[in-house]
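J.: Next comes the sequence, and after it the predicted model I'd like to discuss.
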Protein chains: 4
Amino acid sequence: MMGNFQVRTDLALEVRESYEEDDIRLRGVKVEEQSDKQKEIYTTIVHIETENGAKAMGKPVGIYITIEAPNMSSPDEGYHREISIEFAKHLRKMLGKERDSILVVGLGNREVTPDALGPNVVNNLHITRHMIKEYGRLPSDVEKTGEISAIVPGVMGQTGMETLEIIKGVVQETHPKVVIAVDALAARSTRRLNRTIQITDTGINPGSGVGNHRNAINEETVGVPVIAVGVPTVVDAATIVNDTMEELIEQMDHSENMQRLGGTLGTLDQAEKHQMIRELISPHLNTMFVTPKDIDETVKYLSYTISEGLNLAFSQKQE
Amino acid sequence: MMGNFQVRTDLALEVRESYEEDDIRLRGVKVEEQSDKQKEIYTTIVHIETENGAKAMGKPVGIYITIEAPNMSSPDEGYHREISIEFAKHLRKMLGKERDSILVVGLGNREVTPDALGPNVVNNLHITRHMIKEYGRLPSDVEKTGEISAIVPGVMGQTGMETLEIIKGVVQETHPKVVIAVDALAARSTRRLNRTIQITDTGINPGSGVGNHRNAINEETVGVPVIAVGVPTVVDAATIVNDTMEELIEQMDHSENMQRLGGTLGTLDQAEKHQMIRELISPHLNTMFVTPKDIDETVKYLSYTISEGLNLAFSQKQE
Amino acid sequence: MMGNFQVRTDLALEVRESYEEDDIRLRGVKVEEQSDKQKEIYTTIVHIETENGAKAMGKPVGIYITIEAPNMSSPDEGYHREISIEFAKHLRKMLGKERDSILVVGLGNREVTPDALGPNVVNNLHITRHMIKEYGRLPSDVEKTGEISAIVPGVMGQTGMETLEIIKGVVQETHPKVVIAVDALAARSTRRLNRTIQITDTGINPGSGVGNHRNAINEETVGVPVIAVGVPTVVDAATIVNDTMEELIEQMDHSENMQRLGGTLGTLDQAEKHQMIRELISPHLNTMFVTPKDIDETVKYLSYTISEGLNLAFSQKQE
Amino acid sequence: MMGNFQVRTDLALEVRESYEEDDIRLRGVKVEEQSDKQKEIYTTIVHIETENGAKAMGKPVGIYITIEAPNMSSPDEGYHREISIEFAKHLRKMLGKERDSILVVGLGNREVTPDALGPNVVNNLHITRHMIKEYGRLPSDVEKTGEISAIVPGVMGQTGMETLEIIKGVVQETHPKVVIAVDALAARSTRRLNRTIQITDTGINPGSGVGNHRNAINEETVGVPVIAVGVPTVVDAATIVNDTMEELIEQMDHSENMQRLGGTLGTLDQAEKHQMIRELISPHLNTMFVTPKDIDETVKYLSYTISEGLNLAFSQKQE
């Protein structure tokens, strides 16, 4: 349904919701759900298993884990350690044995508040590669963590380079076994903003993220596996307008108190309605995003939750 | 028309545009226009002269000068000095003789990119008060500028205080003759974002600015005249949705290719249509704003243009 | 001894160390020591009880609590919660009953890394005043904390105003019962940098802090009690040179392998030696400070330790 | 003389000053001086032409251009455009024909004020590579500038990687013809701080910069020519102490009013004196730097002067 309109979501979960359950299963998309009601953490794992499923979902074949926690962006003394732990658990599983040497990439623009998630996460990581290179693995904690390195490449307007070029270059010189790319995402719905973490083994794909990457950053392009970790912090401005208008038209069709309009609008088919909406949405809106006013606090809290989760996942203590 | 709906603009110019010219003149609102086509600078001065006009406009009695320059936010080696000069000219006139001692207040949240305009402007001001207090007025340039002081009070979530409380306190201790409050504004239309400067002698009023001030900051509340300088850097999310939907309904009424719908919708009156829209706009949207993706570069350039304009206006060389 | 030379320390503990124990006690300065060897926290409480003692110490009559912890600036997952707890314990005692409404002032320059301690501490405080003013004391946690407000006034070069002027103004408008001023300090010895917290009920005094305040910020000048919390993050450049040279001269007098020089230098008295040093220290050095290269990480960690301690002290849960 | 002691300067000019003119010329070091007294700009070009000269100077064979301007760090409306122009003139000559595609690297730590010069310079560059790649060379200004790209790699404690590794990787992926590395330097004398720009075709060498690079970043290691641009913003703490003590000893030897000491100290030879100083300098001091209190303002101004100079040098208009 979204396919022929430019509504955009970086969350596989939201794409999946636009389909009937049976329909999507037939196409090779499997969905698992787990929930911890006490901790208010809801986890959905979407497996896109076939090219057919990938086409239907508009996302590559792979695993998409979504951790939803309504309280994620509210202040908390321990920066929601329970969420960090859940996140670390899934990330560890995805990393498998490849925890010896990891490059974390903080994507996004540190000067634009909702896009600063990646750079902020990197700020709070325990970086160990240089110490292990110099002193070897010590008998103390350092020994137990792999070689962690990190970079904040900046965005194309600041560097004149594709982020992919920078990452490829750094990977070729420093030989990490896996890259973890942390990025701020766009959701379809404001309800999901700042309360959802997505982990995927498919990397970063063109058009995703707040800054809309132009090149894929994945195993194929980078040369080592790329796990992408993202939190939706914005909704595209065009999406918000589109969604409200879709609802307007839907209500015109169905709702009790718009009965009078129903008959006539019913004579427009879906394609005609979308055409109508598309014409009304200002092209300006495609370069704009929608974000909450308290995004500064929210991104600060989320960054701690994610960086703490990464630190936990990289540490080998808890196995 | 906007009156009974919560669509918001901080620009008097945009309110004025929602009225017929004759209509508004009758209510005590006078409009002057100047333009410099070569420099592409368009200046509109709205005088709200009566309480009746103030009520119609939803803004206090006073003068609202709007400088529009389409290129304002594009990169420029001299940071658009021609705009700084135009801005300084109008500000000087509004300041009149009160240039001996001025407190500049950088309103807004420096951690939220489109709201950081005020704090950024203060960063580039020539602050002189402490030097004049210590050394007196020297025979060099310093002598020619008044006592300039500045503060970035922060926002209520950071301070626990009303901005007004901080400003009042500082004014009572340091006795400036006038306060200039610089703030990021909300426009109604994305077309005005980042290309418009508004100067007004009415100060800051409740509900205005990106952060939506709760208290007026004006001569009455602060005790000395307050000039507000603002640039719209965001549009309220609800406004963008509302506007597109108003256009949808308008087109349903009038447009050729929606003829089929026209008849039916025509039976809804204005109030019913607005009611319909209001019900559709998610309450979430009231805490959200829309801003361009390159807002970091834009706010950087705008800040220089404004601070340079303030430095020019405060200097007494060019008289 | 330091008296007639401009060597500077903001730590009462370091002044006290320049005196013999008996000597200082006679002058009305009482010293208490506590230590927790397991946690490696050493606390010294200096009571300056008489004007005579104040003169000898070069610091006002009052209580100076110094918490030393060698590991304070090393990375720690919990940001050294044990130090935050010790700090909170002493601060609570000093606050006494005055915990209903507190204004925290983050002194210093957020743009100069070792001077950004105060501003950074404020960034991580739980600010409650505006919520209590709006919603009253709720039955949840908020109820248990007093009205906490905070301000980062900036430095004179940025504001053109004395910090005292800003604080006085804000206090008069918002009526806190006590002010807590957090500031980066200068130590005499590099060994104390970033591992010492000083708490005093005497406020901030002229010439103290990295930025060298010109006016006292204390109960007398502000109108309510002022507790100062500081961590030394710099040593004055002149102090470091002076100290090494004093040691040079001392060694010339006493050390075995400088015997040959001893005889001659012995003929200079203390005053002559200090005169000699003073002449050699470049006047440039008085506007310079010495700080460690990793001061960014250190100030980040210290800020969390202090802000967590403040949050603990303000909360009323643990009584 | 400095050779056997760890006093450090990144300025070839300062090394050269420790030698007699004839002495240095004999060893293959040529010095040219130019001065523009009206603009108060003094330029010294040191050519190290032989390996013998390189050994004597402790710096590689190559050209070291030093632009000294006493007013460089004082506020100026045009950010000292006359200095930017002088800097651009020398840089252009050094670049020669290689202006088609340039990678600017902003070395240093953006979180430590005096080390943030490189990152700040990059913030104000006109980045063009991505636009030229996408749109080709336009007939407007863009056409006249080469492909400019830039990166701020961060420091090893933040990334876990050698800066060299990052630069090599990026160069291999993006193929610039030349790298310009901008870095904050250490001077020997506080008098040179923040008023000197050094340009050299020898790149960055181990132990240089505020952060003390461990690996050379030069044509040999990177694969394309590396021009280093630096401004001294700090003095090593050990250097300041050493220098003052050297002066103390010198005065003891020679000065009128220390006649009494002269005789005895004369019996120590140079080596003994330096040994004495070395023993007195605390090892702590090697991890510390000395910088002026107003370093935030200074680095801000210097960054504009340098980035404007780079923009001028890259533009092809003025030829």
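T.: Happy to help now that I have it. Residues are numbered from 1 along each chain as shown, chains lettered A, B, ... in the order given.

J.: So which residues of the stretch 151-300 of chain A form helices?
T.: Using DSSP state H, counting those that start in this stretch, the helices assigned to the stretch 151-300 of chain A run over residues A:156-159, A:163-174, A:219-222, A:237-254, A:259-265, A:270-280, A:295-314.

J.: Is the third one positioned near chain D?
T.: No. Using Cβ under 8 Å from any Cβ of the partner chain, no contact is recorded between helix A:219-222 and chain D, whose separation bottoms out at 11.1 Å. C-beta coordinates here come from the backbone N, C-alpha and C atoms, glycine included.

J.: list the helices and strands that helix packs on?
T.: Applying 3 or more Cβ pairs under 8 Å, 6 or more residues apart in numbering or on different chains; DSSP states H and E, we find helix A:219-222 packed against helix A:163-174.

J.: pretty sure residue A:81 contacts residue A:308?
T.: Yes. Here residue A:81 reaches residue A:308: they are 6.8 Å apart, a contact under Cβ atoms under 8 Å.

J.: Those two: which is more packed in?
T.: Higher neighbour count among residue A:81 and residue A:308: residue A:308, with 23 against 15, using other Cβ atoms under 10 Å in any protein chain shown.

J.: Which residue, other than its chain neighbours, is closest to the residue of the stretch 1-150 of chain A found nearest chain B?
T.: In the stretch 1-150 of chain A, the residue that lies nearest chain B is residue A:111 (3.7 Å; Cβ to the nearest Cβ). Excluding the flanking residues, the one nearest residue A:111 by Cβ to Cβ, 6 or more residues apart in numbering or on different chains is residue B:296, at 3.7 Å.

J.: For the one you found, list the residues it contacts.
T.: A:109, A:111-112, B:113 (Cβ atoms under 8 Å, 6 or more residues apart in numbering or on different chains).

J.: Spell out the secondary structure type for the residue of the stretch 1-150 of chain A closest to chain B.
T.: coil (DSSP: H, G, I helix; E, B strand; the rest coil).

J.: Does it touch residue B:113 like I think?
T.: Yes. Under the criterion of Cβ under 8 Å, residue A:111 makes contact with residue B:113 at 6.5 Å.

J.: Of those two, which one has the most company?
T.: Applying other Cβ under 10 Å to residue A:111 and residue B:113 shows that residue B:113 carries more neighbours, namely 29 against 21.

J.: My guess is the more buried one contacts residue B:291. True?
T.: Yes. Counting by Cβ under 8 Å, residue B:113 does reach residue B:291; the two are 7.5 Å apart.

J.: Could you pull out the residues contacting both of these two?
T.: Here residue B:113 and residue B:291 have no joint contacts, going by Cβ under 8 Å, 6+ apart.

J.: for chain C, what are the nearby residues on chain A?
T.: Residues of chain A found near chain C (Cβ under 8 Å from any Cβ) are A:75, A:77, A:126, A:311.

J.: Pipe these into JSON lines and attach neighbour count per row.
T.: Formatted as JSON lines, the residues of chain A next to chain C follow (neighbours: other Cβ atoms under 10 Å in any protein chain shown):
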{"residue": "A:75", "neighbour count": "12"}
{"residue": "A:77", "neighbour count": "12"}
{"residue": "A:126", "neighbour count": "18"}
{"residue": "A:311", "neighbour count": "17"}
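
J.: and those, which of them are in helices?
T.: Members of the residues of chain A next to chain C lying in helices (criterion: DSSP state H): residue A:311.

J.: and stretch A:20-35, what's its mean pLDDT?
T.: For stretch A:20-35, mean pLDDT rounds to 85.

J.: err, stretch A:86-100, not the other one
T.: For stretch A:86-100, mean pLDDT is 91.

J.: what's in contact with that stretch?
T.: Under Cβ under 8 Å, 6+ apart, the answer for stretch A:86-100 is A:36, A:39, A:41, A:43, A:63, A:65, A:67, A:102, A:146-147, A:177-178, A:180, A:197, A:199, A:201, A:225, A:227, A:229, A:305-306, A:309-310, A:312-314, A:316.

J.: distance between it and the chain's centre?
T.: 17 Å (Cα atoms, centre = their mean, to the nearest Å).

J.: what does stretch A:193-200 give?
T.: 6 Å.

J.: Equivalent analysis for stretch A:284-297, please.
T.: Averaged C-alpha coordinates place stretch A:284-297 at 16 Å from its chain's average position (Cα atoms, centre = their mean).

J.: With only the CA atoms kept, save it in CSV.
T.: Extracted in CSV, the C-alpha atoms of stretch A:284-297 (Å, rounded to 0.1, in the frame of the first residue of the first chain):
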residue,chain,number,x,y,z
HIS,A,284,9.2,21.7,0.6
LEU,A,285,8.1,19.0,3.0
ASN,A,286,10.4,16.4,1.6
THR,A,287,13.4,18.2,3.1
MET,A,288,11.8,18.7,6.5
PHE,A,289,11.3,16.5,9.5
VAL,A,290,9.0,16.5,12.6
THR,A,291,10.4,16.0,16.0
PRO,A,292,9.3,16.6,19.6
LYS,A,293,10.3,19.9,21.4
ASP,A,294,12.1,18.0,24.2
ILE,A,295,14.2,16.1,21.7
ASP,A,296,17.4,17.3,23.5
GLU,A,297,16.6,15.5,26.7
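
J.: Between its first and last residues, how far does stretch A:67-82 reach?
T.: Counting by Cα to Cα, to the nearest Å, you get 12 Å between the two ends of stretch A:67-82.

J.: can you tell me if that stretch touches chain B.
T.: No. Judged by Cβ under 8 Å from any Cβ, stretch A:67-82 stays clear of chain B, getting no closer than 10.6 Å.

J.: avg pLDDT for that stretch?
T.: Average pLDDT, stretch A:67-82: 84.

J.: Straight-line length of stretch A:169-189, end to end?
T.: Start to finish, the residues bounding stretch A:169-189 are 36 Å apart (Cα to Cα).

J.: Which residues belonging to it are considered buried?
T.: A:169-174, A:176-189 (16 or more other Cβ atoms under 10 Å in any protein chain shown).

J.: Filter the residues you listed down to just the ones in strands.
T.: Using DSSP state E, the members of the buried residues of stretch A:169-189 that fall within strands are A:178-187.

J.: Export these to CSV and append columns for distance to chain B and pLDDT.
T.: Below are these laid out as CSV (distance: Cβ to the nearest Cβ, whole Å; pLDDT from 0 to 100):
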residue, distance to chain B, pLDDT
A:178, 29, 97
A:179, 25, 98
A:180, 24, 98
A:181, 19, 98
A:182, 19, 98
A:183, 14, 97
A:184, 12, 96
A:185, 14, 96
A:186, 11, 94
A:187, 12, 93
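
J.: Quick check: the farthest pair among those residues?
T.: Spatial extent of these (Cβ to Cβ) is set by the pair A:178 and A:187 at 26.1 Å.

J.: that older thread, for the residues of chain A next to chain C, which two are the farthest from each other?
T.: Most distant of those, by Cβ to Cβ, are A:75 and A:126, 23.5 Å apart.

J.: What does the residue in the stretch 101-250 of chain A positioned nearest to chain C show for phi and psi?
T.: Nearest residue of the stretch 101-250 of chain A to chain C (Cβ to the nearest Cβ) works out as residue A:126 at 7.3 Å. Per-residue torsions, residue A:126: phi -90, psi 110 (degrees, to the nearest 10).

J.: That one: what's it in contact with?
T.: A:145, A:148, A:311, A:314, C:75.

J.: nearest to chain D, of those residues?
T.: Using Cβ to the nearest Cβ, the contacts of residue A:126 come closest to chain D at residue A:148, 6.1 Å.

J.: can I assume the closest one sits in a helix?
T.: No. Assessed with three-state DSSP, residue A:148 is strand; it does not lie in a helix.

J.: I'd say it and residue D:160 touch.
T.: Yes. Counting by Cβ under 8 Å, residue A:148 does reach residue D:160; the two are 6.1 Å apart.

J.: Give the intersection of the neighbour lists for those two.
T.: Listed as contacting both residue A:148 and residue D:160 by Cβ under 8 Å, 6+ apart are A:127-129.

J.: the helices in the stretch 1-150 of chain A, which residues?
T.: Counting by DSSP H, counting those that start in this stretch, the stretch 1-150 of chain A has helices at residues A:12-17, A:21-26, A:51-57, A:81-95, A:117-123, A:129-135, A:141-144.
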